[in-house]
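Engineer: model the structure of this input:
(one chain, ligands or ions: 1)
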Amino acid sequence: MRAEFDRARRVIPGGVNSPVRAFKGVGGTPVFFDRGEGARVIDTAGKSYIDYVGSWGPLIAGHAHPAVIGGVIEQAARGTSFGAPCEIETELAERVCERVPACARVRFVSSGTEATMSAIRLARGVTGRDELIKIQGCYHGHVDSLLVEAGSGVMTLGLPGSPGVPAALAELTHVVPFNNPEPVEKLLTTRGKEIAALILEPVAGNMGVIPPAPGYLKRLRELTAAHGVVLIFDEVMTGFRVHRGGAQALFGIEPDLSCFGKVIGGGLPAAAYGGRADLMNQIAPDGPVYQAGTLSGNPLAMRAGMETLDLLDDAAYRRLENLSERFETGLARAAQEAGVSLTSNRVGSMGTAFFRAGTVRNHDDATAADTECYGRFFHGMLERGVYLAPSQFEAAFVSLAHTEDDIDMTIRAAGETLKAL
Ligand code: PMP
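Structural biologist: Alright, predicted model coming up:
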């Protein structure tokens with residue numbers, strides 16, 4: 001893939017259109033893919049891999065699912081964009097509101113970044129407050145105010161933030177550790193009247209997967225409600241993945257605003273933010289908080305999202321859970337047999353095996369993992385035909401296209417790789 005990468009690097013910064021794709025977290029040259037089929041991706045040299053990246057989450061139905069592709073082709077033939085209302089937007093919005101009772105209204109955008117950016121603008125607009133609380137190691141896209149001690153690529157590259165984010169803006173963002181409500185309580189007691197919103201991933205996925213500790217989300221709900229702070233769940237990764245109604249349904253906590261992405265667009269560029277009617281009614285044109293988009297609610301993306309959500313019935317979530325459990329227990333057994341310390345965290349079909357012993361409950365626990373060891377594991381798996389995320393601080397995603405045989409082959413590859421580390 002060297003030649004492809006060199007060619008790309010001449011015209012694209014780092015040869016990639018999103019940093020984590022460049023393999024900086026594991027070393028080596030990124031694989032260029034030619035196509036995807038179900039649970040597999042095939043590279044430009046014709047080698048096939050079992051894929052656990054799934055485009056970083058959207059492909060819960062697998063690559064090129066016939067229902068999704070059929071829907072997109074049918075829609076494409078009727079026009080790819082109108083920049084005017086189209087009923088298919090309402091149809092997807094109805095599906096979202098039906099699955100997520102905390103969303104009375106939903107506004108579609110084109111990326112997770114736009115969803116979180118718009119949600120915090122709305123929170124600031126309605127509260128008249130400027131400050132935010134975010135969680136160390138949570139990633140919400142490359143929004144200026146949220147690129148502070150963020151996860152995902154920022155964490156993989158070891159960056160505290162990004163040049164280009166004005167200090168005056170970064171200063172408005174308070175960062176607290178995951179799974180500990182006490183610093184939030186302290187902040188709200190001293191600065192509660194200045195804080196517009198608390199945003200978090202209810203299940204962290206961008207420092208590797210970390211579930212919320214029992215009672216954590218509930219306490220955040222109580223604290224934010226008591227101080228008039230808008231609670232935003234960033235469900236870009238967890239939405240429609242960990243439960244038909246997202247992490248908020250799984251843990252029984254209703255946020256004020258929710259952000260969605262990935263699965264909601266079924267592999268095409270769609271994302272959304274939604275929530276309480278009184279808040280969402282403040283968005284233009286009904287209210288003064290401005291947010292817009294030429295391709296927002298794009299019909300192809302709406303159709304891919306609809307077809308994907310329609311595949312996600314109770315049986316689908318049971319299947320995802322069973323396959324993911326098989327993966328987790330098989331990997332734990334393989335690690336034990338190889339004498340390698342692994343701690344695996346999983347919520348439904350998203351999980352991370354951290355190369356360290358002991359529980360991983362927050363950013364500091366996650367960064368104590370042996371990333372070099374992960375890099376060797378990643379490349380061993382790649383050689384054996386398994387495509388994992390090219391960073392320790394990401395999730396592995398199981399899709400409906402994976403089979404028990406795929407999982408078993410993956411575990412065999414992991415057993416060999418772990419023994420050879
Ligand atoms: N929020 C979360 C929780 C995410 O995982 C991501 C992307 N990985 C984003 C926001 C940003 O989404 P996008 O890359 O579509 O802008």
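
Engineer: drop to CA atoms for contacts and neighbour counts, all remaining ones
Structural biologist: Noted.

Engineer: who's in contact with the residue of the stretch 251-400 of the chain found nearest the ligand?
Structural biologist: Proximity of the stretch 251-400 of the chain to the ligand (C-alpha to the nearest ligand atom) peaks at G261, 6.0 Å away. Residues counted as contacts of G261 (C-alpha atoms under 8 Å, 6 or more residues apart in numbering) are 58, 111-112, 115, 235-237, 239, 270-272.

Engineer: L268 too?
Structural biologist: Neighbours of L268 in contact, by C-alpha under 8 Å, 6+ apart: 300-301, 304-305.

Engineer: middle-most residue in this structure, spatially?
Structural biologist: For the chain, M237 is the residue whose C-alpha lies nearest the centre (C-alpha atoms, centre = their mean; 2.7 Å).

Engineer: dump the residue contacts of that residue.
Structural biologist: 57, 205, 260-263.

Engineer: ok, and the most crowded of those?
Structural biologist: Highest neighbour count within the contacts of M237, by other C-alpha atoms under 10 Å: G261, with 33 neighbours.

Engineer: re the thing from before, now the two most distant members of the contacts of L268.
Structural biologist: L300 and G305 (8.6 Å; C-alpha to C-alpha).

Engineer: just to revisit the earlier point, what is the nearest of the contacts of L268 to A226?
Structural biologist: Nearest to A226 among those, with distances taken as C-alpha to C-alpha, is G305, at 35.8 Å.

Engineer: okay, the nearest residue to E4 once chain neighbours are set aside and H402: tell me how far apart.
Structural biologist: Counting by C-alpha to C-alpha, 6 or more residues apart in numbering, E4 lies nearest to F32, which is 7.4 Å off, once chain neighbours are set aside. The spacing between F32 and H402, counted by C-alpha to C-alpha, to the nearest Å, is 21 Å.

Engineer: which one's more surrounded, these two?
Structural biologist: H402 (22 against 15).

Engineer: SS state for that one?
Structural biologist: The three-state assignment at H402 reads coil, by DSSP: H, G, I helix; E, B strand; the rest coil.

Engineer: next, the contact list for it, please.
Structural biologist: 38-39, 62, 323.

Engineer: 6 Å instead?
Structural biologist: Residues counted as contacts of H402 (C-alpha atoms under 6 Å, 6 or more residues apart in numbering) are A39.

Engineer: likewise S341?
Structural biologist: 356-357.

Engineer: before we move on, what about I232?
Structural biologist: Per C-alpha under 6 Å, 6+ apart, neighbours of I232: 199, 255, 257-258.

Engineer: residue numbers of this protein in contact with the ligand?
Structural biologist: 111-113, 139-141, 201, 234-237 (C-alpha under 6 Å from any ligand atom).

Engineer: closest one of those to F327?
Structural biologist: M237 (19.4 Å).

Engineer: what pLDDT does that closest one get?
Structural biologist: On pLDDT, M237 comes in at 98.

Engineer: backbone dihedrals for it, both of them.
Structural biologist: phi -90, psi -40 (degrees, to the nearest 10).

Engineer: thinking again about what came up before, dump the contacts of M237 to TSV, plus distance to G70 and secondary structure.
Structural biologist: Formatted as TSV, the contacts of M237 follow (distance: C-alpha to C-alpha, whole Å; DSSP: H, G, I helix; E, B strand; the rest coil):
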residue	distance to G70	secondary structure
G57	21	coil
G205	31	coil
F260	24	strand
G261	21	coil
K262	19	helix
V263	17	helix
